[in-house]
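Novice: predicted structure and sequence below. I'll ask about it afterward.
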Amino acid sequence: MSISSEIAATAALSRDSLVFLDQSSLKVVHANEAAQTQLEDAKSVIRAGTEVKQFLAFLAKKGEFINGDAVGAVRDALASISAGKQAELPAFRLSGKKFDWHCAPGPADTVALVLRDPGKEQELASALAAKKGLLQQLIDVVPSPIYVKNLDGVVTRCNPAFAAFLGKELGDVTGAKFDDIAPESLAKTVGSHEAPLLKKDGQVHDEIAFELGDKYHVAVLTASSLKAPSGAIAGVIGSVVDVSSLKKAEAEVAQATKRLTTVLASAPVGVAISSRESGVFRFFNKAFDSLLNIGDAKDPADSILLSERYRKQSLQDMDMLGQLQNVELRLRRPGMSEARWLKTSLEPVTFEGENAVLWWTSDITRQKHAARELQNKANNDELTGLANGARFTQKLDQCEVVLRGTDTPASLFVLDLDGFKKLNDTKGHAAGDWVLTETAKRLKRAARRADEIARVAGDEFTLLFINKGKEAEMTEMANNILAEINKPFIWNDEDCNISATIGFSVFNGGLSDMNEQLRRADKAMRKAKSDGPGNCCLYQRELEPEIYQDDGE
């Protein structure tokens, strides 16, 4: 099934993400450009032909539902979408963005998913306000006369230099029509040059002549079309520089640049200015050099920090927002003992008459390491480095969602060490801790194909295998693990007399209840222990006749 080109063209105009599903199969038939952009990380599961279940499974694994219950949220969303009626769906976050979404009957026997980033409009409003503020700041510090006019010819912004150029106070110029405050010859000349810029995006740079007061002047007019966020032309921004004072203006710019670089040279954070066109750093302070180690490099450029593709996207984002803040970059330069994490912000500036980019950069490596350590402590067993019980449970929940409805085979192992308590009592906890860490190493070698290995409590370990084989393959795996674990553990030249017992459950992933399968594996492990240390047991229904008697199977 496909949708018409008219529907696709209409969907392309929407700023919201639109995904159309076939009403009968719930497969994606079309996703508009906004969806491809806003759901960048989920592109692979919103392509035509993929089932909506794959998208929901992706959200359950990679996203974060606002109510915290990913399994319940995905189940509710699927039920609402399957009904094909208007319904609000559980909100979620993906790649740091919050999405509100709903489903509704779509055109041509489709179901439409409409996803909206509620923070986008607020972000745009804030960005516009920031951009306007930055624009005024830039105008104020430039010594040349600068003005901004709207489509009606009203001067909406200007700097004191422009007001002085007209021989007026700043307050008398801002908010007034240019034709009412400028001499007739100047207004007419400027108007004729600006007229094409109000119809089509462009720029003019020309020498003009006019009378101001009782004197004849020659000046250089530079003007550009000014665009609104929608892309429509909203006015012009221009500069009128009296040629007779050009040398003085250039000297003032040079002095301002010198003052700026003198101040920035001693700044406690890394500061640099790079060419917008070439990316070559025109200036950088000592702090920036110490972060990037570029002092001896010939013509160092921002390619040290940004790939060509990422640079292009970063500059586009900077232009749209007025500035780009708190971009995190990982860097490893020659001579660095380890990689560094940098947080940097970019702003557009003019430096020595050239379009440039101002960089503010700080080292956040310690913060990154601290955050990673906290994350590891939360998810990993501190002694062995394996996953802990909480992480293993989370992995089971994710796999249950992903496997539901498929024929993928899966298996859960429960491994318990024999003789561990006696070891602790006779040789001490140091020996016990060594055995646990050695067991973890052996498990990683023998069960390297496992999707997750965890130490869940004391001397109990669990393993998860997805699509690694059925009963025969998993029985072989259990025997291989036992062969590795049952090798002697030698502590201080003495055998610790440690072996392992394994119970495991093999099941069809699509019908899985992970908690039940874990219980079955534990039941099998208890049966293996009753047969003596160093054994393994595959769960069979015969182990629980009280549950499966009279079931006819």
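Specialist: That came through, no problem.

Novice: hey, let's count contacts and neighbours off CA atoms from now on
Specialist: Noted.

Novice: which neighbouring elements make contact with the strand or helix carrying K529?
Specialist: In the assignment (DSSP states H and E), K529 maps to helix 514-530. The contact analysis (3 or more C-alpha pairs under 8 Å, 6 or more residues apart in numbering; DSSP states H and E) places helix 514-530 against helix 389-403, strand 409-418, strand 499-508, strand 536-538.

Novice: quick one: residues contacting the residue nearest to the spatial centre of the chain.
Specialist: What sits nearest the mean C-alpha location of the chain, by C-alpha atoms, centre = their mean, is S95, with 4.7 Å. Shown in contact with S95 (C-alpha atoms under 8 Å, 6 or more residues apart in numbering): 41, 63.

Novice: per-residue pLDDT, it?
Specialist: Per-residue confidence (pLDDT) for S95: 84.

Novice: for P183, see how far away the residue located most distally from the centre of the chain is.
Specialist: Relative to the mean C-alpha coordinate of the chain, counting by C-alpha atoms, centre = their mean, the farthest residue is D214 (61.1 Å). Here the criterion is C-alpha to C-alpha, to the nearest Å. By it, D214 lies 11 Å from P183.

Novice: quote the end-to-end distance of stretch 446-465.
Specialist: Using C-alpha to C-alpha, the two ends of stretch 446-465 sit 13 Å apart.

Novice: in it, what counts as buried?
Specialist: For stretch 446-465, burial by neighbour count (16 or more other C-alpha atoms under 10 Å) applies to 446-447, 450, 452-456, 459-465.

Novice: what do you get for stretch 419-434?
Specialist: Buried, per 16+ other C-alpha under 10 Å, within stretch 419-434: 420, 423-424, 431-434.

Novice: just the endpoints, please. Distance across that stretch?
Specialist: From its first residue to its last, stretch 419-434 covers 14 Å (C-alpha to C-alpha).

Novice: show me the protein divided up by domain.
Specialist: Here the domain parsing of the chain from automatic domain parsing is 5-117, 144-247, 266-367, 380-548.

Novice: how about D214, phi and psi?
Specialist: D214 adopts backbone torsions of phi -110, psi 20, taken as degrees, to the nearest 10.

Novice: my read: A228 touches D201, true?
Specialist: No: counting by C-alpha atoms under 8 Å, A228 stays clear of D201, with 11.6 Å between them.

Novice: more neighbours, those two?
Specialist: D201 (15 against 10; other C-alpha atoms under 10 Å).

Novice: which SS state does the more buried one fall under?
Specialist: Going by DSSP: H, G, I helix; E, B strand; the rest coil, the secondary structure assigned to D201 is coil.

Novice: can you pull the contacts of it?
Specialist: 224-226, 233.

Novice: now do 7 Å
Specialist: With contact taken as C-alpha atoms under 7 Å, 6 or more residues apart in numbering, D201 is in contact with S225.

Novice: need the pLDDT of it.
Specialist: For D201, the model assigns a pLDDT of 89.

Novice: same question for Q137.
Specialist: pLDDT for Q137: 57.

Novice: quick one: mean pLDDT for stretch 445-460?
Specialist: 92.

Novice: one more: stretch 502-511?
Specialist: 88.

Novice: over to stretch 393-413?
Specialist: On average, stretch 393-413 scores 89.

Novice: next: stretch 42-54.
Specialist: For stretch 42-54, mean pLDDT rounds to 91.

Novice: how about that stretch: buried residues?
Specialist: Buried, per 16+ other C-alpha under 10 Å, within stretch 42-54: 42, 45-54.

Novice: where along the stretch 251-400 of the chain do the strands fall?
Specialist: All strands of the stretch 251-400 of the chain, identified by DSSP state E, counting those that start in this stretch, fall at 270-275, 281-284, 324-331, 340-351, 354-363.

Novice: can you redo those strands as a markdown table with distance to R520, mean neighbour count and mean pLDDT?
Specialist: Formatted as a markdown table, the strands of the stretch 251-400 of the chain follow (distance: least, C-alpha to C-alpha, whole Å; neighbours: other C-alpha atoms under 10 Å; pLDDT from 0 to 100):
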| stretch | distance to R520 | mean neighbour count | mean pLDDT |
| --- | --- | --- | --- |
| strand 270-275 | 58 | 24 | 87 |
| strand 281-284 | 64 | 18 | 86 |
| strand 324-331 | 45 | 15 | 81 |
| strand 340-351 | 46 | 19 | 86 |
| strand 354-363 | 50 | 20 | 86 |
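
Novice: nearest to V173, out of those?
Specialist: Checking these against V173 by C-alpha to C-alpha gives strand 340-351 as the closest, at 24.9 Å.

Novice: so S95 versus A12, what's the distance?
Specialist: Taking C-alpha to C-alpha, one finds S95 at 23 Å from A12.

Novice: scratch that, N355 is what I was asking about
Specialist: Distance of N355 to A12, computed by C-alpha to C-alpha: 33 Å.

Novice: could you do E400 as well?
Specialist: 36 Å.
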